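Asker: Got a predicted structure here, sequence first:
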Amino acid sequence: MPVLSAQLVSGLVALVVVYCLAGVALPRRWVGRERHRREIDAWHVVMGVAMIGMLLGHLSRPLAVVALVLAGVAVCWGALSTERRSASSAHVRLLVGSTAMAVMTLPLAAPAEAADARTAPASMSGMWGEAQSALLVAMLVGALGLVAASRLPAVVRRGSGAVRRLDACCDVVMAGAMAALLVALL
């Protein structure tokens, strides 16, 4: 990903991180927020910080391992939380995003021997065959596109409150940033 694009996407993700951090720290201040949103905001903060590190090239292998473990926990959390009736769509979005995070951090967290065997350090092609990597990325980018598309109506809908629109905007930015980063890693 070109440096200017990475910086722009990092800036957008940083705005989401700040907004979500406020949602975690001050949940009662946000009138009209859904009950489950605080946990989603916390996961957005964790994944957003990891994405900013990846985009700016500051995610070392030990931090990538931590990000991979946290993404794995988020995958489990999202999968186990999808059975909740009131928030299942939010947790499905979390499941898609955390799966994408796990896939993005896996090559960065790989042992040094595996990294040396690959042609590019951030490439996934050494882990699986080229076709399998491309298919996995294409499926995740498609799923992230569906997440963004499903939240766009809430972003542009005039009748919904500002907080609901901002929450939906955060989901769109995170899905778009993850998709861009996944494509750049391949």
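Answerer: Cool, the structure landed. Residues are numbered from 1 along each chain as shown.

Asker: show me the contacts for residue 53.
Answerer: Contact analysis of residue 53 by CB atoms under 8 Å, 6 or more residues apart in numbering lists 59, 63, 67. Every C-beta, even on glycine, is put in place using the N, C-alpha and C of the backbone.

Asker: Try it again at 10 Å.
Answerer: Residues near residue 53 by CB atoms under 10 Å, 6 or more residues apart in numbering: 10, 59, 60, 63, 64, 67, 105, 108.

Asker: got it, and residue 44?
Answerer: Residues in contact with residue 44 (CB under 10 Å, 6+ apart) are 13, 16-17, 19-21, 23-24, 37, 51, 94, 97, 167, 170-171, 173-174.

Asker: secondary structure element for residue 59?
Answerer: Following DSSP states H and E, one finds residue 59 outside all helices and strands.

Asker: Would you tell me which helix is longest in the chain?
Answerer: helix 130-156 (DSSP state H).

Asker: Next, the buried residues of the following helix or strand past that helix.
Answerer: Per DSSP H and E, helix 130-156 leads on to helix 162-185 as the next helix or strand towards the C-terminus. Neighbour counts over helix 162-185 (16 or more other CB atoms under 10 Å) mark 163-182, 184-185 as buried.

Asker: Kindly report the same for stretch 4-17.
Answerer: Buried residues in stretch 4-17 (16+ other CB under 10 Å): 6, 9, 10, 12, 13, 16, 17.

Asker: Stretch 15-27 too?
Answerer: By 16+ other CB under 10 Å, the buried positions in stretch 15-27 come out as 16, 17, 19, 20, 21, 23, 24.

Asker: what would those residues look like in JSON lines with secondary structure and distance to residue 80?
Answerer: Output for the buried residues of stretch 15-27, formatted as JSON lines (DSSP: H, G, I helix; E, B strand; the rest coil; distance: CB to CB, whole Å):
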{"residue": "16", "secondary structure": "helix", "distance to residue 80": "24"}
{"residue": "17", "secondary structure": "helix", "distance to residue 80": "24"}
{"residue": "19", "secondary structure": "helix", "distance to residue 80": "26"}
{"residue": "20", "secondary structure": "helix", "distance to residue 80": "21"}
{"residue": "21", "secondary structure": "helix", "distance to residue 80": "24"}
{"residue": "23", "secondary structure": "helix", "distance to residue 80": "22"}
{"residue": "24", "secondary structure": "helix", "distance to residue 80": "20"}
